[in-house]
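> here is a sequence together with a model predicted from it:
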Amino acid sequence: MTTESPLIEFAGVNKWFGEFHVLRDINLRVGKGERIVICGPSGSGKSTLIRCINRLEEHQEGKLVVDGTELSDDIKAVNAIRKSVGMVFQQFNLFPHLTVLENLTLAPMWVSGVPKKEAEERAMQQLQRVQITEQASKYPLQLSGGQQQRVAIARALCLTPKIMLFDEPTSALDPEMINEVLDVMKELAHQGITMLCVTHEMGFARSVADRVIFMDHGQIVEENTPDEFFNHPKSDRTRDFLSKILAH
Amino acid sequence: MPQQPYVFQTVASRPPPRPVGGLLPWVKRNLLDGWTNVLITLLLIALLVLALPPIVQWGVLNAVFGPDNAACRAAAAATNTGACWGVVAEKYRLIFFGRYPYEQQWRPMVACALMIGAIAASCYRPFWRGWLIGLWALVLGAFFILMMGGRFGLVPVETSRWGGFPLTVMLSTVSLLIAFPLAILVALGRQSKMAGIRTICVLYVELIRGVPLISVLFMASFMLPLFMPQGTTIDVLVRVLIGMTLFTAAYLAEVVRGGLQALPKGQIEAAQSLGLGYWQTTFKVVLPQALRLVVPATMNTFIGAFKDTSLVTIVSLYDLTGALQLALGDADWRKFFFEGQLFVAAIYFVFCYAMSRYSLWIERHLNTGTRRQ
């Protein structure tokens, strides 16, 4: 453990959706370059947790600091944080009216003010990284699910974020397309970017995660290295969950 | 066992596929497919045979085309009556330009041509660039200078004498040009997180939509001056424009709102996660998708607004239909109102039909690439 202040820090964070207590007293520190996998049953609050980091969801209690800035209603600060936090969604959420290349250059041009030509060069580099350069002038809906998700990853990378959030990135994919996306994510993980990934791909968790977090009913139930987590789970709830998803 | 020599046998050639294109197969497939269709086709043919000859006889063969009043009356009185297109030949300048001074009528003609040219240019997607706004500013400026005069040696003409086709085109174009952006703002306002803005937008839409256009026009032209400080007057044309714009914008706002609601939430979240602000998200992600979804409904409102301009006659402005009434005020020609109405209806139809075809085309064109192929 370094003495460096963490890149992301949740301190006593609580959130409600109306009456529903979706995040309960979350305390979590994520250091620079850490790769974290979050798992848990549906409705356990794992997506909400990572969506708080770029303020797609607002927390109501506690303190959440991202990259040295405390998240509040200050819209300017939020937009600055969003620039350094990339997000990949379960449903890809590419912009269907723009070509792949335009999807990638939109934010650099309009948020960071990068000239068009430079934005396009950078976009092509990112497309190279996810190995999909030949599709640059197509529209998203003309690509397969796996290709769309790789484009979505490239789009998030175009702002050279410090943190990447993945919200079940492979859940909407056909089985044979899952690996091409996981491979890209592994590649990223090896390049030292800070990653928080909500996923049920336990193989991915084993091979790249520094820590695995298990959530249930809005709480962090267990937090451990993948090795300990899979081989010696501490709580019964974790054991029960693992037995269900690793059974076959 | 001795091996059998392999013998090639030619396969009998198959008949060529039956032609699927061409007139005969089309007729067979679409008109004579099953006995009910045969029956319906025969019935329709019978109807045409019955209806067409009298129409052709009235509208063409027995019709009078020249501005000859006596011939017209004779044609109308004959046993085989004929149409009097002479009313159009005689009064077309009055129908087209209303009470605009006769010898100055080249001005509304040029102004109108400019406006229609600008509309045509705006229909072409590669022209959807910044300079189009500049073009519109120029064209609108030229339109009003030409119509009003008083500059560049043009004789001034009061707005109360404007009329006919230029008035119809100007009222619908200008009110739609202002109403469309206004409608987008109101639709966005209805989705605002700020309760005050939301309430204002809801009130505006519900109040205007709950009132007939005629009432809005009346209020705009008779009540608006009451709220103005003493001594200031707004031109009746401006008042009517304000009324029409507010009315159309309320309807368009609801159309746009439909498009906004159809957009998946993930699109906005993706834009936000990339750091795009509210207006960037709105202009780059939300509106381009939402507006494409509502092209048919938008065009519906546009066509409605174009025809609704005819209601301005109630505040003594003579649009195309109003100018026709002026023309029919001539006792010699009043008898032939039907032909006049047909002529004006045909003008409306040509424009509305063009709008409708354009809407289909642009819808297909905008969706290229965004549909799965």
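All right, it came through fine. Residues are numbered from 1 along each chain as shown, chains lettered A, B, ... in the order given.
> only alpha carbons, please: show the lowest-mean-pLDDT helix or strand in chain B as PDB.
Lowest mean confidence among the helices and strands of chain B (mean pLDDT, DSSP states H and E): helix B:224-227, at a mean of 77. Extracted in PDB, the C-alpha atoms of helix B:224-227 (Å, rounded to 0.1, in the frame of the first residue of the first chain):
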ATOM      1  CA  LEU B 224     -52.500  42.900 -28.300                       C
ATOM      2  CA  PRO B 225     -52.800  46.600 -29.000                       C
ATOM      3  CA  LEU B 226     -54.700  47.100 -25.700                       C
ATOM      4  CA  PHE B 227     -51.700  45.900 -23.800                       C
END
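> and the next helix or strand after it, what does it pack onto?
Per DSSP states H and E, the first helix or strand lying C-terminal to helix B:224-227 is helix B:236-262. Counting contacts by 3 or more Cβ pairs under 8 Å, 6 or more residues apart in numbering or on different chains; DSSP states H and E, helix B:236-262 is packed against helix B:165-190, helix B:195-209, helix B:213-218, helix B:224-227, helix B:287-293, helix B:295-308. Where C-beta positions appear, they are placed from N, C-alpha and C, glycine not excepted.
> so which of these is nearest A:Val208?
When those are compared by Cβ to Cβ, helix B:287-293 sits nearest A:Val208, at 35.3 Å.
> confidence score at B:Ala187?
What the model reports as pLDDT for B:Ala187 is 95.
> quick one, what contacts the residue nearest to it when sequence neighbours are not counted?
Take B:Ala187 and drop its neighbours on the chain: the residue closest to it by Cβ to Cβ, 6 or more residues apart in numbering or on different chains is B:Val256, 3.8 Å away. Residues in contact with B:Val256, defined by Cβ atoms under 8 Å, 6 or more residues apart in numbering or on different chains, are B:Ala183, B:Ile184, B:Val186, B:Ala187, B:Ala290, B:Leu291, B:Val294, B:Thr298.
> ok, A:Glu57 - how many residues close by?
17 (other Cβ atoms under 10 Å in any protein chain shown).
> correct me, but it touches A:Gly45?
No - the pair A:Glu57 / A:Gly45 is not scored as a contact, 10.0 Å apart, by Cβ atoms under 8 Å.
> can you map out the strands along chain A?
Assigned by DSSP state E, the strands in chain A fall at A:8-17, A:20-30, A:35-39, A:61-66, A:69-70, A:85-88, A:163-167, A:194-198, A:211-216, A:219-224.
> related to what we said a few turns ago, show me what the least confident helix or strand of chain B is packed against.
Contact partners of helix B:224-227 among helices and strands, from 3+ Cβ pairs under 8 Å, 6+ apart: helix B:236-262.
> distance-wise, check the closest residue to B:Thr245 other than its chain neighbours relative to chain A.
Nearest-residue entry for B:Thr245: B:Ser175, 4.4 Å, with adjacent residues in sequence omitted and distances by Cβ to Cβ, 6+ apart. B:Ser175 is 28 Å from chain A, where distance means Cβ to the nearest Cβ, to the nearest Å.
> ok, now which ones touch B:Leu182?
So B:Leu182 contacts B:Thr245, B:Ala249, B:Leu252, B:Ala253 (Cβ under 8 Å, 6+ apart).
> which residues sit in contact with B:Phe343?
B:Trp85, B:Val88, B:Ile95, B:Leu324.
> please parse chain B into its domains.
Domain segmentation of chain B under automatic domain parsing yields B:17-61, B:101-156, B:162-369.
> return the most buried member of these.
Ranked by mean neighbour count under mean count of other Cβ atoms under 10 Å in any protein chain shown, these are led by domain B:162-369, which reaches a mean of 18.
> point out where chain A drops to low pLDDT.
The model of chain A has pLDDT under 70 over residues A:1-4, A:247-248.
> what does it put close to chain B?
A:54, A:56, A:75, A:79-80, A:82-83, A:85-87, A:89, A:91, A:93-97, A:99, A:106-107, A:110-111, A:138-139, A:141-142, A:155-156, A:159 (Cβ under 8 Å from any Cβ of the partner chain).
> buried subset of those, written for ChimeraX?
To isolate the buried members of the residues of chain A next to chain B in ChimeraX, using 16 or more other Cβ atoms under 10 Å in any protein chain shown:
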select /A:54,56,79,80,82,83,85,86,87,89,91,93,94,95,96,97,99,106,107,110,111,138,139,142,155,156,159
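> contacting residues for the spatially most central residue of chain A?
The residue lying closest to the centre of chain A (Cα atoms, centre = their mean) is A:Leu165, at 1.6 Å. With contacts defined as Cβ under 8 Å, 6+ apart, A:Leu165 is in contact with A:Ile50, A:Arg51, A:Ile53, A:Asn54, A:Val85, A:Gly86, A:Met87, A:Val88, A:Met195, A:Leu196, A:Cys197.
> please apply the same query to B:Pro225.
B:Thr233, B:Ile234, B:Arg239.
> make TSV from the residues you listed and add distance to B:Ile314 to it.
Converted to TSV, the contacts of B:Pro225 look like this (distance: Cβ to Cβ, whole Å):
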residue	distance to B:Ile314
B:Thr233	20
B:Ile234	18
B:Arg239	13
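> just name the closest of those to A:Arg239, please.
B:Arg239 (77.0 Å).
> the closest one and B:Gly210: what is the separation?
The gap separating B:Arg239 from B:Gly210 is 21 Å, by Cβ to Cβ, to the nearest Å.
> can you give me the strands for the stretch 51-200 of chain B?
B:163-164 (DSSP state E, counting those that start in this stretch).
> spell out which parts of the stretch 201-350 of chain B neighbour chain A.
Counting by Cβ under 8 Å from any Cβ, the positions of the stretch 201-350 of chain B adjacent to chain A are B:264, B:266-267, B:269-277, B:280, B:284-285, B:288-289, B:292.
> still on that earlier bit, in ChimeraX, how would I select just the buried ones from the contacts of B:Phe343?
To isolate the buried members of those in ChimeraX, using 16+ other Cβ under 10 Å:
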select /B:85,88,95,324
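> for A:Arg91, give me its contacts.
You called it Arg, but residue A:91 is Gln. If you count contacts by Cβ under 8 Å, 6+ apart, then A:Gln91 has A:Ala172, B:Pro264, B:Gly266 around it.
> go again using 6 Å as the cut-off
Listed by Cβ atoms under 6 Å, 6 or more residues apart in numbering or on different chains, the contact partners of A:Gln91 are A:Ala172, B:Gly266.
> in chain B, where is pLDDT below threshold?
For chain B, the ranges with pLDDT under 70 are B:1-3, B:19-20, B:368-373.
> residue 73: neighbour count?
You didn't say which chain, so I picked chain A. By other Cβ under 10 Å, the residues close to A:Asp73 number 8.
> that's the other chain; I wanted chain B
Residues near B:Arg73, counting by other Cβ under 10 Å: 16.
> same check on the one 10 residues further on?
As a burial measure, B:Ala83 scores 24 neighbours (other Cβ under 10 Å).
> surely it is in contact with B:Asn62?
No - taking contacts as Cβ atoms under 6 Å, B:Ala83 lies outside contact range of B:Asn62: 7.4 Å.
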